[in-house]
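Engineer: With the sequence up front, the predicted model follows.
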Amino acid sequence: MAAPHPLARNFGDLVAEMAGRDADAPAVIEAGVELSYGELDARVDAFAEGLAGLGVRRGGTVGLLCTNRWEWLVAALGAHRAGARVAAFNTFAKAWDLEYMLEHSGAEVLICVDRFRSRDYRETLAELVPELRQDGRRSSRFADLREVIVIGEPGDLAGARGFEEVLGLAGEVDPEMVAPAGADAFVLYTSGSSARPKAVPLVHGAAIENGFAIGERMGLRGDDRVLVAVPLFWAYGALNALPASLGHGAAMVLQAAFEPGGALDLIEAHGATAIYTLPNMTAALVEHEAFAPERVASLRTGLTLGTPAEIERTAVALGAPDICNIYGGTETYGNCCVTPSTWPLERRKASQGPPLPGVELRIADRESGAPLATGEVGEIQVKGYLARGYLGDTTGASAAFGADGWYRSGDLGSLDADGNLSFSSRATEMIKTGGINVAPREVEEFLAMHEAVAAAAVVGVPDARVDEVVVAFVVPRDGTHPAEEELRAFCAERIAGYKVPVRVHVLAEMPATDTGKLARRKLVEMDQEGVGA
């Protein structure tokens, strides 16, 4: 039976609508906590009132740095209900990354988890906002920031509020301040060709509509339980898993961060019927010592991407027979193409499917911009549900959003006679490692901050498990002799782990093309040949 199309035009109302349909239906399952839609709606309401009591109003910005927890959902949806947008920060971020995102987003309130695994985010907060240890809330470094809320234990951050405290604050959400469909729901930070992550604003109405359409292609139902181990701060989470699940009244089974043994436990314990996965995640699951087909027998559908062999592995070896093949990005609300789950597997393996409702695709010549014929490979261009550009763009990257309404993806592909997309490759220098984008320039500029580095170049080198790995080349300053481990440790201390080069080669000079440009392809070849090893 098809799910009723949601009427809500913003995320805060969407939760209330689903609670009105079936308040007792499970909405969130996470680490021993199970919330029904009615309970989730009540907590969202309480947190929205707490934020309103702290002065959060329509048009404000709330920063959110948290792993996949029920609090992430309550914080984000509560901010939405209070009329604010959510700047979702990457939990891989360290001080250097977070400093940029806090300043760029203009967040008035930061909600941050206390710690996860070996990371203590309170130490990072104390480094960036030292006033918190002196019972201060105003930051001298971040002009807009006036409140910090810690999920967990604030520790010695005397100036921070506890999450539970905010849930209990008295405040009143002005109904007139509810965000309209065209207001920003999320600002997501995604790596691109620029040196720093690009800030992508995504609005409520489009996210709900596109997310619901994704769920329809997956065949989601109200009784589904969707394993979400991909980060909620990714487009794959916030713009895809979240609205697809909420829009169908399904339950999200959250894993704080992907770990294959724990994910298998969650699938088995909660009878997960749908999964958001990536090729490296699927490989980790089926290769895990505790994997057994009967443990994942409940799986039916989900989303993934990759080669035909990788799609088949998810459908057959992992046991999600109706898995959907996808194409898209943050700028296109997570996905713009999804194969229907009802297609035969051979067809889902060979294509990323037709555009979603409200989306158009065309293939164009990258040089002339002229549309190409059926079957010809060219740049994939998208129209319909799109971000409006990049916030605070000073690099010209927003030019990818053409005045004619078409977004130039920089990816290559072709369309068949029925309008189905076949993705070919990325035409950009972006590194894709384990499903995460890494901008070479960002890592290059960070390496250049090291006192012994005169020049740096970063490339992606093919890797069978994670698609590509980050590899760096540096030219040392005169009189210095930096070691690979010294440079890797320098990166590991201050930038997200997935950006840290797996290898660093020290060269006397960088290879160049005949026109004097950096020969990146040569660098890849040099690494594969073991230069500097």
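Structural biologist: Alright, I've got the coordinates.

Engineer: how about the strands in the stretch 151-300 of the chain?
Structural biologist: Taking DSSP state E, counting those that start in this stretch as the criterion, the stretch 151-300 of the chain carries its strands at 161-162, 184-190, 198-203, 225-228, 251-254, 274-276.

Engineer: what's the second one in contact with?
Structural biologist: The set of residues that contact strand 184-190 without belonging to it, under CB atoms under 8 Å, 6 or more residues apart in numbering, is 10-11, 61, 76, 80, 85-90, 101, 105, 179, 197-204, 207, 233-235, 238-239, 329-331, 391, 437. For the C-beta atoms, the positions are set from N, CA and C on the backbone; glycine is no exception.

Engineer: again, only using 7 Å
Structural biologist: 11, 80, 85-90, 101, 105, 197-204, 207, 235, 238, 330, 391, 437 (CB atoms under 7 Å, 6 or more residues apart in numbering).

Engineer: Which of the residues you listed fall in helices?
Structural biologist: Among the contacts of strand 184-190, the members falling in helices (DSSP state H) are 11, 80, 101, 105, 204, 207, 235.

Engineer: Mind giving me the PyMOL select for these, buried ones only?
Structural biologist: Remark: buried members of these, expressed as a PyMOL selection using 16 or more other CB atoms under 10 Å:
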select buried, resi 11+80+101+105+204+207+235
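
Engineer: so where's the longest helix in this structure?
Structural biologist: helix 37-53.

Engineer: tell me the mean pLDDT over it?
Structural biologist: Averaging pLDDT along helix 37-53 gives 96.

Engineer: Now the element after it, going C-ward?
Structural biologist: Counting by DSSP states H and E, the next helix or strand C-terminal to helix 37-53 is strand 61-65.

Engineer: For that next one, which helices and strands make contact with it?
Structural biologist: If contacts are counted by 3 or more CB pairs under 7 Å, 6 or more residues apart in numbering; DSSP states H and E, strand 61-65 sits against helix 70-81, strand 85-89, helix 95-105, strand 109-113.

Engineer: so which of the ones you listed comes closest to residue 167?
Structural biologist: Proximity to residue 167, assessed across the helices and strands packed on strand 61-65 by CB to CB, is greatest for helix 70-81 (7.9 Å).

Engineer: helices or strands next to that closest one in the packing?
Structural biologist: Using 3+ CB pairs under 7 Å, 6+ apart, helix 70-81 sits against helix 11-21, strand 26-30, helix 37-53, strand 61-65, strand 85-89.

Engineer: In this structure, which residue is most central in space?
Structural biologist: residue 234 (1.1 Å; CA atoms, centre = their mean).

Engineer: and the gap between it and residue 160?
Structural biologist: 26 Å (CB to CB, to the nearest Å).

Engineer: so of the helices and strands packed on helix 70-81, which one's packed in deepest?
Structural biologist: With neighbours defined as mean count of other CB atoms under 10 Å, these peak in mean count at strand 85-89, which reaches a mean of 26.

Engineer: Could I get the phi/psi values of the residue located most distally from the centre of the chain?
Structural biologist: Relative to the centre of the chain, the most outlying C-alpha is that of residue 479, 41.8 Å out, by CA atoms, centre = their mean. When read as degrees, to the nearest 10, the backbone of residue 479 gives phi 80, psi 0.

Engineer: Done for today, thanks.
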